[in-house]
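starting from these lines, generate the structure:
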Amino acid sequence: MKLLSCPPRRPIGAAALTLGLALALAPAAASAATASPQAPAAKAPAPHLVGCNESGPVRPTRFNPICDDGAYTVVDLHWSDWSDSAAKGAGEFYTHSCVPTCAKGKVTLYPVNVSAWRVRSGDYTRFSYSFTRGVPSGFSRSWTVDYNGRRWSGRVV
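Just a heads-up that it's a prediction; the model follows:
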């Protein structure tokens, strides 16, 4: 049986040690330099507009804060802005006369600008109406409703 022997070891100099470490770490540094940057943090969901018969909580095409027979709903809504702090849009305010009955009464649409603001817990809590041409009987040209405790209540502005 033949025995193998290794030559005696020599101490490694500082320069050789530095060079060896640099060569060993080079692939890791190169891959870190070419790695893609971290994805941006997920954006918070858009604020909701909560009502009774809206078509959806974000950019609804119709909205009514009051649970009723559908009168006083803003229909055909188009939003020019929907942000984390405010929303602005325009549509038509739906009314009916209830003469002789609400089911058979005359429907009238009034052009209206709307806006929503004051976000709390992910929901807009203020909603304002402003008629642009004609005002339904019994209404003021503009008013605002407040959303508190999952209910809307109105106040004339």
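
where exactly do the helices run in this structure?
For the chain, applying DSSP state H gives helices covering 14-34.

low-confidence ranges in it?
Residue ranges of the chain with pLDDT under 70: 1-42, 53-55, 69, 155-157.

please, where are all the strands along this structure?
Taking DSSP state E as the test, the strands found in the chain are 73-82, 86-96, 107-120, 123-131, 142-148, 151-156.

closest to Asn64 out of those strands?
For the strands of the chain, proximity to Asn64 was assessed by CB to CB; strand 73-82 is nearest, at 3.8 Å. For glycine as for every other residue, the C-beta is placed from the backbone atoms N, C-alpha and C.

got the CA positions of the closest one in PDB?
Provided in PDB are the C-alpha atoms of strand 73-82 (Å, rounded to 0.1, in the frame of the first residue of the first chain):
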ATOM      1  CA  THR A  73     -81.100  58.300  -7.800                       C
ATOM      2  CA  VAL A  74     -78.400  59.800  -9.900                       C
ATOM      3  CA  VAL A  75     -78.300  57.800 -13.100                       C
ATOM      4  CA  ASP A  76     -76.000  57.700 -16.100                       C
ATOM      5  CA  LEU A  77     -73.100  58.800 -13.900                       C
ATOM      6  CA  HIS A  78     -69.800  59.600 -15.500                       C
ATOM      7  CA  TRP A  79     -66.800  60.300 -13.300                       C
ATOM      8  CA  SER A  80     -64.100  62.800 -14.300                       C
ATOM      9  CA  ASP A  81     -62.100  62.100 -11.200                       C
ATOM     10  CA  TRP A  82     -61.900  59.300  -8.600                       C
END
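
and the angle for it with strand 123-131?
Here strand 73-82 runs at an angle of 110 degrees relative to strand 123-131 (axes from the mean of the first three to the mean of the last three CA atoms, to 10 degrees).

so for strand 73-82, what gets flagged as buried?
73-75, 77, 79, 82 (16 or more other CB atoms under 10 Å).

same list, the strands of the chain, but as TSV with distance to Phe63 please.
Formatted as TSV, the strands of the chain follow (distance: least, CB to CB, whole Å):
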stretch	distance to Phe63
strand 73-82	5
strand 86-96	8
strand 107-120	8
strand 123-131	8
strand 142-148	11
strand 151-156	11
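
contacts for stretch 113-122?
Here stretch 113-122 makes contact (CB atoms under 8 Å, 6 or more residues apart in numbering) with 44-45, 47-49, 63, 74, 77, 84-91, 124-130, 132.
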